[in-house]
Structures are given as structure tokens and as C-alpha cells.
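Colleague: Quick one, structure for this:
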Amino acid sequence: MHSTSLSITPLTGTPFGAKVTLPDYANNDPANLNEEDFQKLFEGVHENLVVVIPNQAELLPKSQYLLTKRFDPTLPEPKGDTGAGYGHGKEFRHDKSVLKKDGCSVKSQPQVQILGQGKFAADEPGNENGEEISLTHPSHTSFHHSPLTEDQIKKEGRTRFYRWHIDSALYDLSPPVVTTLLGIKVPPTTQTQTIVYEDDTGDKLELTQGATCFTSGQRAFEILSDEDKEFALNTTVEYAPHPYIFISPAGATSDGLTMVSEGKEFKFEELPEWEESKVKKLPMVWTNPVTKKHHLQLHGCCLHRLHTKNADGSVTTLELKESRERAHQLMRPAIAPKNVLAHSWTEGDLVIFYNRGVWHSVTGEFKAIKTDGADERRLMHQCNIASSVDPTTIK
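Modeller: Now for the predicted structure:
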């Protein structure tokens, strides 16, 4: 079937999301879209929040970078071969950061990260670096306060949301507009795992091994009470300096929404040098520029304080523990199973998500090597680019 223009088809059986079919002239490279079709894709991503372009396993890192960059007209033009930088900056590889094991950069296109699980030879597809690489899939067992037991993982087939988050450094750099995530090598989708919500709801979510989960910030805002909407619209989220280092001694809640408060975080004087002017203070609600809808957008693990402007003009500030508790109360309804898009990966899927309109989480437990004839290795390319401007709320 020939296609002369880009088409977008909503996914079925999911709370949101869409599938994209590229036009023939693009030669299966979305970086080749003309301005009219790219504008259709731009609007489709903002409206559907997550879109999937199949059969992209051979997409070059340069094309992925150029496509990602195109979503943010505030970004500077490329200088030489580098251009705009990766959305987390360089500090995410700091040896005390919770992100330190999350892959490596593509040497020829450092804005693109290589993520996954297992060892890959220099000549394997997706390994662009010309040398063997070893990748570690993020597991809740190294990040949560009280992880699942070995029996719960292996015998009961359970997993957890690793960390619900927005892709952003949350210090100095502004949140990226979109993230592109390309599945080059993925395990078969025949194996499933289950998330059991460890609260009094009895909620469960069955998903394929390693599914990436998304929830809509728009939906998260819409289901708030009127009182909570007013609170969110008038609240600024202050993030900790170097937040991924700040939280690294602590452990996350079992749903991956925030951290358990035990005073284990690094003291500010123990962090790498930081400047007050670079500390991020972002609105709790971000307005989608295409739909004009409000999205509840906050990173519950990295926040430090909440500042709420009251009707009389005064400001109420919640400190760390209370801020986490309030954030959890606002966020938890949005991750109920009926609200979660759990993307089951097929090799070649290119997922583009509106990073300023959704939260997402890694899931899944993987074996590092082939066992029982099953290859559970996985390799993905991820790209997001720090914006030049912060998101805003239009009331």
C-alpha cells in the first residue's frame, strides 16, 4: 500500500497513544519528512502524547537526533557535528548519580544514548561504538526502599514500576520537549510479568517483559478534585540541586512515584558544587501548546519543596517529607491500571513521546545472558535534548 502523506491512527484498547505510518517519499526515515507532514507529526505527538513508528530498526543515530531536535524550535542550530546537547547534560554519569549505569553515549552522535541489558559485540546491530559494550537494565531492586524478594520475582513473575519520571536534568537545563526511544534488540513478547500495587486498592497490571509504561499528565490533572486542581495550578515545584545525586542514598516507594523520607539524602554541602540560580523551580502544571490542556507534570522522586501561592498573596512552603507525601497523593490516581499505556516492544519500534505531557517508567526484570535458550538481552537508542525554555502554565 502506497502512502503519499503521513497518517496517524489512534491505538485501540489503550487509554491514549497512536501509530504513525510514514509517507513513501521519506524512505522509511522520519527525519526526511517535509514541513507539512512533520507539522502533522508534531501535532499528533502533542495530541496523542505517545506515538509509535514501526520498522525503524535501521534508523541512524544522526536521523534520530535530527528528528528529536526538530520538535523544539527554541534549540540552537548545530555547531559542527555536535549541536544541542543530551537532555540530562553530562552529570548523569556522575559516580554518585542514580543514573550512572543507564547506558552509554553513541560516540558519533553523543545526544543519543545506548540503553539495554547484556553484552553486545562491536559488530552487533545498534552498537555504534566499534567496541564491546555492557548494558544494565534499571531494576527496582537497586533503587526501591523495600524491593521484591527473589521468590516474588522469579516464582511469581512480579516486577514494579522502576521510577515514574519526566526526562530532565532538573538542574540548570530545561526539560526536553520530546524523547525518542528506538527498540533495536528486544526480548520476545511472549513472557509477561505482573505489577501488584502494594496498597489497599488491590490493583494489578499484567504487561510484557520490559514494557515501558506511560501515563498522561492531562488525565492526571483532570481527575483531581477542584481543590487539588487549584492547589496544583498555584504551586511551584522546587527541585534539589543535582537531584539524581541528592536522592541516591535514599530508596523509592514501591510504586516508583517518590522517595521514602528517612533523612538519607546527601546534605547540600556534600553535593558537587552548585549555584542557586541553576536550581529548577517549575510550575506543577504545564500547558500543552497544541491542545491548550493542563498537564500535571512533576518528578516526585527529585522534588525538594513545594511553594503554593495563596489567595491572599502569601506563599505556603512544604518541606521535603510533606512535599513528597502531597505529590504522592496527587499522582497516585493517574497510575491506576486503566490509565497506564504499557508499550509492548517489537523490534524496530520508534516511540516518540511528549515529555512535557506524560510521565513514564521502566519496568521488567531481565537475565543478563542467554538461559534456557532464551535471549533476554535488549538494546535501545534514546534521544532527548534539553530545551532553551522552561514549560509554563497558561491559566
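Colleague: Residue 186 against residue 375, yeah?
Modeller: No - contact criterion CB atoms under 8 Å: residue 186 and residue 375 do not qualify, at 10.2 Å. C-betas here are computed from N, CA, C, even on glycine.
Colleague: So those two - more neighbours on which side?
Modeller: Neighbour count, other CB atoms under 10 Å: between residue 186 and residue 375, residue 186 has more, with 22 against 13.
Colleague: Give me the nearest residue to that one, chain neighbours excluded.
Modeller: By the measure of CB to CB, 6 or more residues apart in numbering, the closest residue to residue 186 outside its immediate chain neighbours is residue 345, 4.2 Å from it.
Colleague: OK, contacts around the one you found?
Modeller: Neighbouring residues of residue 345 by CB atoms under 8 Å, 6 or more residues apart in numbering: 183, 186, 189, 208, 210-212.
Colleague: min pLDDT across the residues you listed, which one?
Modeller: Checked by pLDDT, the contacts of residue 345 have residue 189 as the lowest-scoring entry (69).
Colleague: so where's the protein uncertain?
Modeller: Where the chain drops to pLDDT under 70, the residues are 1-2, 77-102, 189, 367-374.
Colleague: just the helices in the stretch 251-395 of the chain please.
Modeller: With DSSP state H, counting those that start in this stretch as the criterion, the stretch 251-395 of the chain has helices at 320-331.
Colleague: Do a quick rundown of the strands in the stretch 151-300 of the chain.
Modeller: With DSSP state E, counting those that start in this stretch as the criterion, the stretch 151-300 of the chain has strands at 158-159, 178-185, 192-196, 204-208, 212-216, 235-239, 281-283, 285-287, 294-296.
Colleague: of the ones you listed, which approaches residue 25 most closely?
Modeller: strand 178-185 (20.6 Å; CB to CB).
Colleague: Just checking the distance from stretch 343-356 to the centre of its chain.
Modeller: In terms of CA atoms, centre = their mean, to the nearest Å, the centre of stretch 343-356 is set 11 Å apart from its chain centre.
Colleague: buried set for that stretch?
Modeller: Buried residues in stretch 343-356, counting neighbours by 16 or more other CB atoms under 10 Å, are found at 343, 345, 347-356.
Colleague: so how far is the first residue of it from its last?
Modeller: Terminal residues of stretch 343-356 are spaced 18 Å apart (CA to CA, to the nearest Å).
Colleague: Same question for stretch 231-241.
Modeller: For stretch 231-241, the first-to-last residue distance is 24 Å (CA to CA).
Colleague: neighbouring contacts of it?
Modeller: 170-171, 221, 224, 246-247, 265, 268, 271, 274, 278-285, 294, 296, 298-299, 302-310, 330, 393, 395.
Colleague: mind redoing it with 7 Å?
Modeller: Around stretch 231-241, the neighbours that count as contacts under CB atoms under 7 Å, 6 or more residues apart in numbering are 170-171, 221, 224, 246, 268, 271, 274, 279-285, 296, 298, 302-309, 330, 393, 395.
Colleague: Buried among those residues? Make that a ChimeraX selection.
Modeller: Here is the ChimeraX command that picks out the buried ones among the contacts of stretch 231-241, judged by 16+ other CB under 10 Å:
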select :170,171,221,224,246,271,274,279,280,282,283,284,285,296,298,302,303,304,305,306,307,308,330,393
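Colleague: Just the buried residues of the biggest strand by length in the chain, please?
Modeller: The residue-count maximum for a strand in the chain (DSSP state E) belongs to strand 109-120. By neighbour count on 16+ other CB under 10 Å, the buried set for strand 109-120 is 109-118, 120.
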